[in-house]
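[1] dropping the sequence and predicted coords here.
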Amino acid sequence: METGSKFIPPPENAAKLLPSEARELFRRNGYYLSTSGFCTGFLQANMAILPGKFANDFEEFCRRNHGPLPLIYRSKPGEVGASPLAEDVDIRSDLPRYMVYSKGRLVEDTLDLNGFSWEDRVSFYIGCSFTFEEALGSIGVEVRNVTEGKNVSMFKSNVTLHKVGEFACEMFVTMRPVHLDLLEKAVTVTAQFPDTHGAPIHIGDPARIGIADLARPDRGSAVEVKEGEVPVFWACGVSAVGAIESAKPDLAFTHYAGSMFIADIKFQPQEQPEQPRVVPLSRDGDPFFASIISQKAAELFADLERITLDDPSDRGVRHLFQRGDLLRAVLALSHSDRVAVTTGFPCLPEYEVKEETDGLPGALAICQALAALGKEITLISDTRNQAQFQSCVSHMVSIGALKSPIPVIPFPEAKALCDARVSNSSDSPYDCLLAIERAGRASDGTYRTMKARDISRYVDSVDELFLSARSNPRVATVCIGDGGNELGMGKVYTQVKKHIPLGETIACAVPTDFVIAAGVSNWGGYAVALGLCVASSCPMHWRYRNRGIDAERPPDFRVTQFLPTAEQTTSLLKHMNGLGIRDGITKGLDQSVDGLSLETHLEKLAQIASVCSN
């Protein structure tokens, strides 16, 4: 591109220009850089211009990937104007700068496209986040690319877009630092601009979306993330470039990154039906990572906590309650792709089958919910009870609670898998570990029942997986328990010692990130399973979880996809009894759990299911 030797700065009044004035400036090649900060409040658009034979597939590609590619207008073949967006438009010259691609390769960047044939060209106008920068500034966010006169930071992420025809690529994102105190306001205000990328698709830790160094953007300029701020990422229309590179049309054009089309439309924020809640999930806040869910959906978790905290055995479990950990645990699971679930408490060592009826039903309910969301699930057992666990998984398949079997592997095999990944410098095989009613290691290294009976000889050291995970900030750990001696209760170690009978002896010393205390551990498992249904049915969370890809609305989930019915629960308990698995208190084989009747158990299951209105 020939621009001469002199740098051309933006006009001092760029923010106050009318779009027609800005387009006239660009048309005479009076400016050729970023339009961030131009024409405050007016709609800006990314451009992708393709041969007609690619147009239908690209339109569908935009629809399936609305977050990065919110399509505002598709032109007719050969049309150089855009009458729904602006008068007096010639798209061949009304942007500051263009990119030219031949068979997917960048061959030129230029100030106009006047020298190219236009008869079969279809122009796609795609909303741009520059449109909402004024709104961000109005709530106190320093939009640093504007205040420093820079192009916005753009990064290629590892988020794969939905493939349509020959169009396939990873998502580009823009990054703007936002102070922690302004995160919810930033989400709220940008969600009101759904046609210009809307709410963020990621908050915090760049490595989670494949970004190694914020100081080295793939396009645009780097800006500092100051103390008290976190990087916030929005989907970006530059993603269209990757799509063009993959489809390889003979000739295609895009805007130069940051050099947008500016329409005559004064964009009006669209009020959203629900308010967001930003929920931090990272361990000790470093690196920071947060999820998004609606306030309405988040409030349902308080109902679940109330129901599951019912303590009929009066163990003092309320003293172990960690407000909000149920919500945080569910969101961590929602963001995970590979989850390991473990359970097993050999509290009946005098019997050949030493397991109890609490723990495994809740674990399998969680597996059912995770399977409904397409997660990769592993059930980790002790060596001694692998066969019983496999039998129960098969039974869950036979009664329709699980659609297909899930692997059950004993701890030694799971540990070998984790060790192999570490030795090869690979990521953990799991991004979330969840223990429910799993015997936990006390401070003296033993494993004990509620009566302080030493059962260490029957327990594999699954705790080691959870302790190793503490060194990886991107592996979440969850505990569900009802007595304080379960794996993960080390987070509330002091409370267990103070409030739980024999707590000084039995308290588990191994912590997890999130602790869900319940009157019966199965109830906590059911609450997590139902919570996954609540979160996944929330449009705000569904969009965030899926990065704006295929996320116009959540699927029509049903509670029974996530939670076993009363009949399925009864059938599972009967099957467990047939295997010799007993009530850990009464030692009965009558479908009771923790000394409570089947009827009590099913009543609690119904209460939990009722929280989700669908």
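    Alright, I've got the coordinates.
[2] now for residue 273, how many residues are close by?
    Using other Cβ atoms under 10 Å, residue 273 has 8 other residues around it. Every C-beta, even on glycine, is put in place using the N, C-alpha and C of the backbone.
[3] residue 175 now?
    26.
[4] residue 213 is in contact with that one, correct?
    No: the criterion here is Cβ atoms under 8 Å, and residue 175 misses it with residue 213 at 11.6 Å.
[5] what touches both of these two?
    Here residue 175 and residue 213 have no joint contacts, going by Cβ atoms under 8 Å, 6 or more residues apart in numbering.
[6] you'd agree residue 197 is up against residue 126?
    No: using Cβ under 8 Å, residue 197 makes no contact with residue 126, being 9.3 Å away.
[7] counting by contacts, list what the helix or strand of the chain with the lowest mean pLDDT packs against.
    Every helix and strand in the chain was compared by mean pLDDT, DSSP states H and E; the lowest is helix 411-423, with a mean of 84. In terms of contacts (3 or more Cβ pairs under 8 Å, 6 or more residues apart in numbering; DSSP states H and E), helix 411-423 is packed against strand 376-381, helix 463-469.
[8] the same query, at a cut-off of 10 Å, please.
    strand 338-344, strand 376-381, strand 408-410, helix 463-469 (3 or more Cβ pairs under 10 Å, 6 or more residues apart in numbering; DSSP states H and E).
[9] that older thread, what is in contact with residue 197 and residue 126 at once?
    Applying Cβ atoms under 10 Å, 6 or more residues apart in numbering, one finds that residue 197 and residue 126 are jointly contacted by 46, 68-70, 236-237.
[10] widest-spaced pair of the residues you listed?
    70 and 236 (11.0 Å; Cβ to Cβ).
[11] what about these two, which has more around it?
    Using other Cβ under 10 Å, the more surrounded residue of residue 70 and residue 236 is residue 236, with 31 against 25.
[12] check contacts around residue 158.
    170-171, 207-211 are the contacts of residue 158 under Cβ under 10 Å, 6+ apart.
[13] please apply the same query to residue 275.
    Contact analysis of residue 275 by Cβ under 10 Å, 6+ apart lists 184, 187-188, 191, 294-296, 298, 540.
[14] rerun at 7 Å
    Neighbour list for residue 275: 188, 294-295 [criterion: Cβ atoms under 7 Å, 6 or more residues apart in numbering].
[15] please report phi then psi for it.
    phi -90, psi 140 (degrees, to the nearest 10).
[16] swap in residue 219?
    phi -150, psi 160.
[17] what's opposite it in the beta bridge?
    Here residue 219 shows beta-bridge partners residue 154, assigned using DSSP bridges.
[18] low-confidence regions, the stretch 351-500 of the chain specifically.
    Scanning the stretch 351-500 of the chain for pLDDT under 70 picks out 422-426.
[19] picking up where we left off before, would you mind giving the helices and strands packed on helix 411-423 as CSV with mean neighbour count and distance to residue 387 added?
    Below are these laid out as CSV (neighbours: other Cβ atoms under 10 Å; distance: least, Cβ to Cβ, whole Å):
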stretch, mean neighbour count, distance to residue 387
strand 338-344, 26, 13
strand 376-381, 22, 9
strand 408-410, 18, 9
helix 463-469, 21, 21
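[20] those into TSV, with extra columns for distance to residue 320?
    Below are the helices and strands packed on helix 411-423 laid out as TSV (distance: least, Cβ to Cβ, whole Å):
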stretch	distance to residue 320
strand 338-344	18
strand 376-381	23
strand 408-410	29
helix 463-469	17
